[in-house]
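Trainee: with the sequence up front, the predicted model follows.
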Amino acid sequence: MGSMRKNWFHSLPNEALHAEFLQDVSKLLLKEAVFAGTQRKNPVVRFHDPDHLYDLLNLTPTEKPATHTELLKAICDTINFSVKTGHPYFINQLFSSQRDGLGCAPKLVMFASEDAHYSVHKMAALLGLGEQNVCSVQTDKTGRMDSLYLESQVQRIIATGAVPFMVVATAGTTVLGAFDPLPAIADVCTKYNLWFHVDAAWGGGLLFSRTHHHKLIGLDRADSVVWNPHKLLAAPQQCSMLLVRHPNIIKACHACNATYLFQKDKFYDVSIDFGDKYLQCGRRADVFKFWFMWKAKGSIGFEEHVNALMDCASYITTSLRQRPSFKLVLEPEFINVCFWYIPQSLQGLQEQPDFNEKLHKIAPRMKELMMRKGSMMISYQPLQSLPNFFRFVVQNSGVTHQDVDYFLDELDRLGADL
């Protein structure tokens, strides 16, 4: 990677570039973690104070990618300074808000776009808020939350005697890839003292692109942001993070101070013991995957990756306009490119009363054909009153313009006789 060969940043395995490195990683893991890490003659932990460890591991991300030698050293150092939980002398913790609850609270209402992720409603149910207390905010024709309508709904809820407490904005909706107007929503939250949460799970990776990060203007005003590098940046699942503006709020909400796990009189700085802040106790260090990718690619590698995905979306958008059997649902704002395939049998019949009903059946039938043939897979879905349409979403920066041509040609072949 340090040689910066053409297309070095692609999220696609390349035997010439990666095979030797991956073999070296496997050998290193077996030698140092699996075998040496469980031998009685070796220490359970090579302890260093956290500040010293930070310097030893060189944790700060860099602009340029690391070499394979540097990456192997990073893995070796991580193993060397990790607690060896498989060591026969490791007899420590198992590694395999609160009191009043909502009973004393008024009726709480949160707000989210009508195109927000379904998990907003699911968590409202799980937390005891109730799905009926998630107020869906209308979107404009591009799928962006209408901030004026949001404010009118906040005022309506206040008039009923209920208490608005949070707005969930989305930076990159799942289907259309829309970015809610973050500055305008932040203004509403400031005016009515509401928690401003941004779901940037899909679109957060645009931060790395100097060309496209303007879509995230206003993100800096959020109280909390969720971001999934396993989506746009193609990190291995699961790799998600919650970023919070207020330093101690997670601990205040979640910590139970179980002294049999989280002793306060340890000989090092216990503020780095994060376990008590989370909902679960034992968990993997999922952020390691992202840190290691960042070290391998550098910020510039992530930028090239994101720009390549946006270029691919632009190419397929242009190609769709040039093919008579394809019709865009809307002009894409992001990597999500949504379109209908209109077979010859339906062309020119758009004014017929049953046109949408017939079009609705095309995408599921084509999905069946492509899966039975094994030639490709692409998702489809309806949205509100729109009939089923295809959604081209690419996360692999190794996808080429030629690959896009193949996708569209194959859709033409699959749909020709429908």
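Mentor: That came in fine, so what should we check first? The structure presented is a predicted model; accordingly, all values stated were derived computationally and were not measured. Numbering: from 1, shown residues only.
Trainee: may I see the buried residues of the least confident helix or strand in the chain by mean pLDDT?
Mentor: Ranked by mean pLDDT, DSSP states H and E, the weakest helix or strand in the chain is helix 249-254, scoring a mean of 76. Under the neighbour-count criterion of 16 or more other C-beta atoms under 10 Å, helix 249-254 has residue 250 buried. All C-beta atoms are positioned from the backbone trio N, CA, C, and that covers glycine.
Trainee: the closest residue to residue 418 other than its chain neighbours: neighbour count?
Mentor: Spatially, and ignoring its direct neighbours in sequence, residue 418 is nearest to residue 343 (4.3 Å; C-beta to C-beta, 6 or more residues apart in numbering). Residues near residue 343, counting by other C-beta atoms under 10 Å, number 18.
Trainee: residues contacting residue 343?
Mentor: If a contact means C-beta atoms under 8 Å, 6 or more residues apart in numbering, then residue 343 has 325, 362, 415-418 as its contacts.
Trainee: hmm, try it at 10 Å
Mentor: 325, 358-359, 362, 365-366, 412, 414-418 (C-beta atoms under 10 Å, 6 or more residues apart in numbering).
Trainee: now do the domain split for this structure, please.
Mentor: Per the record, the chain has its domains at 15-93, 302-415, by automatic domain parsing.
Trainee: before we move on, the earlier item: closest one of the contacts of residue 343 to residue 254?
Mentor: Within the contacts of residue 343, the smallest distance to residue 254 is 46.3 Å, found for residue 366 (C-beta to C-beta).
Trainee: is it true that that closest one touches residue 379?
Mentor: No. Using C-beta atoms under 10 Å, residue 366 is not in contact with residue 379, being 11.7 Å away.
Trainee: how about the contacts of residue 343 in JSON lines, adding secondary structure, distance to residue 163 and neighbour count?
Mentor: Shown next, in JSON lines, are the contacts of residue 343 (DSSP: H, G, I helix; E, B strand; the rest coil; distance: C-beta to C-beta, whole Å; neighbours: other C-beta atoms under 10 Å):
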{"residue": "325", "secondary structure": "coil", "distance to residue 163": "52", "neighbour count": "18"}
{"residue": "358", "secondary structure": "helix", "distance to residue 163": "47", "neighbour count": "16"}
{"residue": "359", "secondary structure": "helix", "distance to residue 163": "44", "neighbour count": "21"}
{"residue": "362", "secondary structure": "helix", "distance to residue 163": "46", "neighbour count": "22"}
{"residue": "365", "secondary structure": "helix", "distance to residue 163": "48", "neighbour count": "14"}
{"residue": "366", "secondary structure": "helix", "distance to residue 163": "48", "neighbour count": "21"}
{"residue": "412", "secondary structure": "helix", "distance to residue 163": "54", "neighbour count": "14"}
{"residue": "414", "secondary structure": "helix", "distance to residue 163": "52", "neighbour count": "20"}
{"residue": "415", "secondary structure": "helix", "distance to residue 163": "51", "neighbour count": "22"}
{"residue": "416", "secondary structure": "coil", "distance to residue 163": "57", "neighbour count": "11"}
{"residue": "417", "secondary structure": "coil", "distance to residue 163": "58", "neighbour count": "9"}
{"residue": "418", "secondary structure": "coil", "distance to residue 163": "52", "neighbour count": "16"}
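Trainee: and these, which two are the farthest apart?
Mentor: The span of the contacts of residue 343, defined through C-beta to C-beta, is set by 358 and 412 at 18.4 Å.
Trainee: now the residue nearest to residue 418: how far from residue 395?
Mentor: To residue 395, residue 343 is 29 Å away according to C-beta to C-beta, to the nearest Å.
Trainee: what secondary structure does residue 312 sit in?
Mentor: Under DSSP: H, G, I helix; E, B strand; the rest coil, the three-state class of residue 312 is helix.
Trainee: next one: the one 5 residues further on
Mentor: Of the three states, residue 317 takes helix according to three-state DSSP.
Trainee: I'd say it and residue 334 touch.
Mentor: No. Taking contacts as C-beta under 10 Å, residue 317 lies outside contact range of residue 334: 11.1 Å.
Trainee: out of the domains of the chain, which is the most enclosed?
Mentor: Comparing the domains of the chain by mean neighbour count (mean count of other C-beta atoms under 10 Å), domain 302-415 ranks first with a mean of 16.
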